[in-house]
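1. Sequence plus predicted model, see below.
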Amino acid sequence: MKKAFIAILFFYLIFHFIIPQIYILCFGDIHLYSDITDSGASIKVFWLNVLPILITVSLLYILPLKNFQVKPAIRSSAASELFYVSMCYTVLFVIVAGGFKGIVSGALSGSLFNYVNLFLNPLVLLMAAIFLQEKKMKVVQMILIYVVVITLSGSRSAIIGIVLVFLIGIGFYNFNKYQKGIKKLLVYASIISPVLFILATQLRESFSAVDLSVISYVMIGRVSCIELGMIPVHFMDTNSLDFSLFFEKYGMIHQLKLIVDSLVPGDLFGFDIMPNQYYRQIFFGQSESFVLENYMSINITFPVYLYLYFGYWSIILTVLFLLLYFIFLYKLKNNSYILLLFLPPLYHILIYFDWVMIFNEFFVSLLTVGTLFGYKLFRNYFVESVKSDSHVN
């Protein structure tokens, strides 16, 4: 599990900072979201994220905690069966919602369709099928189905999801069965990823014209966390912006209120959107009404969030958080279901820090794992009942 934890940290480091920084050094700054240029702030953002990861990885190698792999906990094919159900349901959900625009605009918000969707997270079920299920299955086929369905729904993160499956899988015993097939699939997926990116973008934009000459620029800009970190750091360092709205919307008390509201019917503390959607109002000057009416999630990383509150102490605080998170996971090494719940969010906490979004994703994963556990018990009971009846007859 230690290797999986370190692999996720390195992926975050390389994919979102090292590769974009190399691109910036070769071709110049990326201005996908704003025309603000501040090389000093960009370099600061780079090191605010890189240093904590390097320090944490070094300390993890020093810690006298042995690496271990989580053993499978499901003897039946319950997880793979539920995964295929979730894929069929996702297709139905996208059709009924009217595509990606219907999903993000909340076309099915409050409906039974949306409620059922909370219990069938495809990526969680895919990981459960691959890593927690003893029975060997057609993993390549399952992954291909996942990539196709998720891409056709308008999401541009299908390939990243599979990369995370590979990295998380290092911590599970079943990984040894499937790593060759997944590695091959990742190679092919990397080659066609630009095509998938364009396809998902076209589905979002109702097949409007795409300028292929700037596709690499847009792709690097999308995966890079440097520009979106540079903008708030620039304003903080130059003291040229009132941060009161940021501290109000991103503050822990406000986020706790939103989390509570997401768990109970109605809006106990009044209606509001996720903090990351206020990024546009805080740093781009867009109106509150525009932000409320037009969904667009823009994220800052965990180290940058801490920097805006605590300055350079963010480096030490990030390291402490990551070490404590690892120790927490290590203590749970004998509970495969719990590890499946808490290991994947590590990447999400780092890349888009918004406790409301993180909690919502965790809550959906919890409901999905609960559904899987309940289905497994029901399936086992049903199979045993059928066997008992056949023996009686």
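-> Structure's in. What do you need? Numbers count the residues shown, from 1 in each chain.
2. excluding its backbone neighbours, what's nearest P122?
-> Sequence neighbours aside, S86 is the residue nearest to P122 in space, at 4.6 Å (criterion: Cβ to Cβ, 6 or more residues apart in numbering). In short, each C-beta sits where N, CA and C put it, glycine included.
3. Contacts only, for that neighbour.
-> Residues counted as contacts of S86 (Cβ atoms under 8 Å, 6 or more residues apart in numbering) are L120, N121, P122, L125.
4. residues in contact with the helix or strand harbouring V163?
-> If you go by DSSP states H and E, V163 is part of helix 158-169. The contact list for helix 158-169 (Cβ under 8 Å, 6+ apart) reads 4, 7-8, 11, 123, 126-127, 130-131, 143, 146-147, 150-151, 175, 178-179, 182-183, 185-186, 189-190, 193, 196, 200, 343-344, 347.
5. try stretch 170-187
-> Stretch 170-187 is contacted from outside by 1-5, 7, 69-72, 130-134, 136, 139-140, 143-144, 162-163, 165-166, 169, 336, 339, 343, using Cβ under 8 Å, 6+ apart.
6. returning to what we had before: which of the contacts of helix 158-169 are buried?
-> Those of the contacts of helix 158-169 that meet the buried threshold are 4, 7-8, 11, 123, 126-127, 130-131, 143, 146-147, 150-151, 175, 178, 182, 185-186, 189, 193, 196, 200, 343-344, 347, by 16 or more other Cβ atoms under 10 Å.
7. mind listing which of the residues you listed are in helices?
-> The helices, defined by DSSP state H, take in 4, 7-8, 11, 123, 126-127, 130-131, 143, 146-147, 150-151, 175, 178, 182, 185-186, 189, 193, 196, 200, 347 from the buried ones among the contacts of helix 158-169.
8. returning to that earlier point: direction-wise, compare the helix holding V163 with helix 122-131 and give the angle.
-> Comparing the axes of helix 158-169 and helix 122-131 via axes from the mean of the first three to the mean of the last three Cα atoms, to 10 degrees yields an angle of 40 degrees.
9. Just give me how far helix 158-169 sits from the chain centre.
-> Centre-to-centre, helix 158-169 and its host chain are 10 Å apart (Cα atoms, centre = their mean, to the nearest Å).
10. Stretch 182-189 now?
-> Relative to its parent chain, stretch 182-189 has a centroid offset of 20 Å by Cα atoms, centre = their mean.
11. average pLDDT for that stretch?
-> Regarding stretch 182-189, the rounded mean pLDDT is 75.
12. export it as PDB, just CAs?
-> Extracted in PDB, the C-alpha atoms of stretch 182-189 (Å, rounded to 0.1, in the frame of the first residue of the first chain):
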ATOM      1  CA  ILE A 182      -3.800  -2.700 -17.800                       C
ATOM      2  CA  LYS A 183      -0.300  -1.500 -18.700                       C
ATOM      3  CA  LYS A 184      -1.000  -2.300 -22.400                       C
ATOM      4  CA  LEU A 185      -4.300  -0.600 -22.300                       C
ATOM      5  CA  LEU A 186      -2.700   2.500 -20.700                       C
ATOM      6  CA  VAL A 187      -0.200   2.700 -23.500                       C
ATOM      7  CA  TYR A 188      -2.900   2.600 -26.200                       C
ATOM      8  CA  ALA A 189      -5.100   4.900 -24.200                       C
END
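13. What is the neighbour count of the residue nearest to Y278 when sequence neighbours are not counted?
-> Nearest residue to Y278 in three dimensions, chain neighbours excluded: K249, at 4.6 Å (Cβ to Cβ, 6+ apart). Number of residues near K249 (other Cβ atoms under 10 Å) recorded here: 21.
14. do the same with L241
-> L241 has 16 neighbouring residues, counting by other Cβ under 10 Å.
15. where in the protein is pLDDT low?
-> Across the chain, the ranges flagged by pLDDT under 70 are 98-111, 154-156, 189-215, 266, 388-393.
16. For the residue nearest the centre of it, list the residues it contacts.
-> The C-alpha lying nearest the average C-alpha coordinate of the chain belongs to H348 (Cα atoms, centre = their mean; 4.5 Å). With contact set as Cβ under 8 Å, 6+ apart, H348 has these partners: M357, I358, E361.
17. between those residues, which has the most around it?
-> Per-residue neighbour counts (other Cβ under 10 Å) across the contacts of H348 peak at M357, which has 20 neighbours.
18. so how far is the helix or strand hosting that residue from its chain's centroid?
-> With elements taken from DSSP H and E, the one containing M357 is helix 355-392. Averaged C-alpha coordinates place helix 355-392 at 23 Å from its chain's average position (Cα atoms, centre = their mean).
19. Check stretch 320-333 too.
-> Distance of stretch 320-333 from the chain centroid (Cα atoms, centre = their mean) equals 19 Å.
20. what's that stretch in contact with?
-> Outside of stretch 320-333, the residues within contact range by Cβ under 8 Å, 6+ apart are 1-2, 5, 9, 52-53, 56, 59-60, 65, 68, 70, 302, 338-339, 342-343, 346.
21. Which entries within those meet the buried criterion?
-> Burial by neighbour count, 16+ other Cβ under 10 Å: within those this picks out 1-2, 5, 9, 52-53, 56, 60, 70, 302, 338-339, 342-343, 346.
22. Can you tell me, leaving aside adjacent residues, what's nearest to L144?
-> Using Cβ to Cβ, 6+ apart, the nearest residue to L144 is L185, at 7.4 Å.
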